[in-house]
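Enquirer: pasting the structure only:
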């Protein structure tokens with residue numbers, strides 16, 4: 001049986017983890033490279049997935065943060081990770097209409113054919129003709 005003080009400690013740890021997650025993802029959402037770099041230097045997993053399965057790369061790509069995307073790519077972020085709904089960072093860029101980021105990710109990602117097919121479906125569904133053409137050429 002847990003003592004009351006142990007419950008508080010567990011709750012405090014959970015709260016601290018959530019605050020750290022928010023700060024890490026804030027760095028991705030705002031292209032705060034200094035903050036992202038500090039997290040990575042302290043041992044944070046570049047491919048950490050939050051509550052919804054989002055990674056920093058997904059958040060940066062969806063929010064049009066090319067500087068953060070470039071930084072995370074340079075640190076070898078995995079572009080094939082899927083969130084809780086099965087979406088990748090490239091799919092997020094497609095949905096958000098972030099063509100420049102989508103182009104960059106298309107060049108870098110090497111996901112399986114099923115993921116590629118789903119990304120093509122997204123580009124088609126959202127009318128992203130330029131991205132669709134790039135996907136079909138690869």
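Expert: Perfect, I can see it now. If you're wondering where the values come from, they're calculated on a predicted model, not measured in any experiment.

Enquirer: Find the helix or strand that the most centrally placed residue in the chain is a member of.
Expert: The centroid of the chain falls nearest to residue 58 when counting by C-alpha atoms, centre = their mean (2.0 Å). According to DSSP states H and E, residue 58 maps onto helix 56-62.

Enquirer: Mind pulling up the pLDDT for the nearest residue to residue 98 once chain neighbours are set aside?
Expert: Counting by C-beta to C-beta, 6 or more residues apart in numbering, residue 64 is the residue found nearest to residue 98 once chain neighbours are left out, at 4.8 Å. Any C-beta I mention is one placed from the backbone N, CA and C, and that applies to glycine too. Per-residue confidence (pLDDT) for residue 64: 98.

Enquirer: now residue 37
Expert: 95.

Enquirer: Can you give me the distance of it to residue 49?
Expert: In this view, residue 37 and residue 49 are 20 Å apart by C-beta to C-beta, to the nearest Å.

Enquirer: Look at the two and report which has more neighbours.
Expert: Taking other C-beta atoms under 10 Å, residue 37 and residue 49 do not tie; residue 49 has more neighbours (16 against 13).

Enquirer: ok, now which ones touch the residue lying closest to that one once chain neighbours are set aside?
Expert: In this structure, residue 49 finds its nearest non-sequential neighbour in residue 55, 5.6 Å apart by C-beta to C-beta, 6+ apart. For residue 55, the contact set (C-beta atoms under 8 Å, 6 or more residues apart in numbering) comprises 46-49, 77-78, 81, 83, 89.
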